[in-house]
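Peer 1: 3D, please:
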Amino acid sequence: MKRKLAERLVNGLEEHPNIIRPDREKFIDILEKTNVPESERFYEHISGAEQPLPQYNRCYSLSLTRILRNRQAEEEYQIPILKEIYDIFISTLRRIGDGKIRIYDSNALSRKIRTDIDLVKMMTKSNHPYSLLGKFETRDRDFKNPDKSLIETRPVLVIPGAKNIEYILDWEKAHTIHEEESRFLFFEKRKIIEAQEHRERSEAHEYYSFF
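Peer 2: Numbers count the residues shown, from 1 in each chain. Sure, this is the predicted structure:
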């Protein structure tokens, strides 16, 4: 990718209101080195684009996962049947014992973007050939349960020139997942929890941190 195009994508990332400040030079360099050939594919994978930021009792992680080709966004796109079955499978909360499987998947989110008419219109009207899909993860220690962590994983979507930023933020929120992670020796187990429970336990985190 040309450096000027990478810079514009990172400019949009820096304007995102709900993430940490991106490592500008790191992400520009990674995007510049990512091969994005002419193709009918909607997206390309991005490798090695993760920025961790550990803090006291909290850790943030910002990752870039997909480059999206705006020209390949289609208003009447239909997910192929096998991929649709897969997306339904990972989007369904299935119980395994007393836990639940994870459902965050960047490929599935890329397909969901293509079926959202409003997002597609923003992409096709963009004066930039690409958009950017990333992931922002926040990990908190649960002070009431010291052996557990609370994890929020939020998609991050950057569409250069998009006017309706609130719609994009609402889309991200709708596809955010909340999890509880427990550890035993070298094993970890995650289960999905409700957003309200996450907020309450995160507020408890802030209370205990204050004292």
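Peer 1: going forward, measure contacts and count neighbours with C-alpha atoms only.
Peer 2: Noted.
Peer 1: And the helices in this structure, which stretches?
Peer 2: Remark: helices assigned in the chain by DSSP state H are 3-14, 24-33, 81-91, 106-114, 117-125, 165-174, 195-210.
Peer 1: Tell me what angle the fourth one forms with helix 165-174.
Peer 2: Going by axes from the mean of the first three to the mean of the last three CA atoms, to 10 degrees, helix 106-114 is angled at 140 degrees with respect to helix 165-174.
Peer 1: Just want the angle from helix 106-114 to helix 117-125.
Peer 2: 90 degrees.
Peer 1: Distance from helix 106-114 to the middle of the chain?
Peer 2: 11 Å (CA atoms, centre = their mean, to the nearest Å).
Peer 1: what about the protein, any weak spots by pLDDT?
Peer 2: Counting by pLDDT under 70, the chain shows low-confidence ranges at 75-104, 186, 203-211.
Peer 1: OK, contacts around the spatially most central residue of the chain?
Peer 2: Geometric centre of the chain, nearest residue: residue 155, 2.2 Å, by CA atoms, centre = their mean. Shown in contact with residue 155 (CA atoms under 8 Å, 6 or more residues apart in numbering): 133, 134, 135, 136, 172, 173, 175, 176.
Peer 1: Can you select the buried ones from those residues in PyMOL?
Peer 2: Per 16 or more other CA atoms under 10 Å, the buried members of the contacts of residue 155 correspond to this PyMOL selection:
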select buried, resi 133+134+135+136+172+175+176
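Peer 1: ok so, going back, mind checking the helices of the chain for the one nearest to residue 159?
Peer 2: helix 117-125 (6.3 Å; CA to CA).
Peer 1: Would you mind pulling the contact partners of that closest one?
Peer 2: So helix 117-125 is contacted by 70-71, 73-75, 113-114, 131, 159-163, 168 (CA under 8 Å, 6+ apart).
Peer 1: do the same with stretch 1-18
Peer 2: By CA under 8 Å, 6+ apart, the list of residues contacting stretch 1-18 reads 21-22, 24, 27-29, 31-36, 128, 130-132, 158-160.
Peer 1: do stretch 36-46 as well
Peer 2: Contacts for stretch 36-46 (CA under 8 Å, 6+ apart): 1, 30-31, 34, 64-70, 72-73, 110.
Peer 1: Looking at the residues you listed, which one is closest to residue 142?
Peer 2: Distances from residue 142 to those, taken by CA to CA, are shortest for residue 64, at 27.1 Å.
Peer 1: quick one, what contacts the closest one?
Peer 2: 46, 49, 50, 132, 133, 134, 135.
Peer 1: Please name the bridge partners of it.
Peer 2: Bridge pairing for residue 64 (DSSP bridges) gives the partners residue 134.
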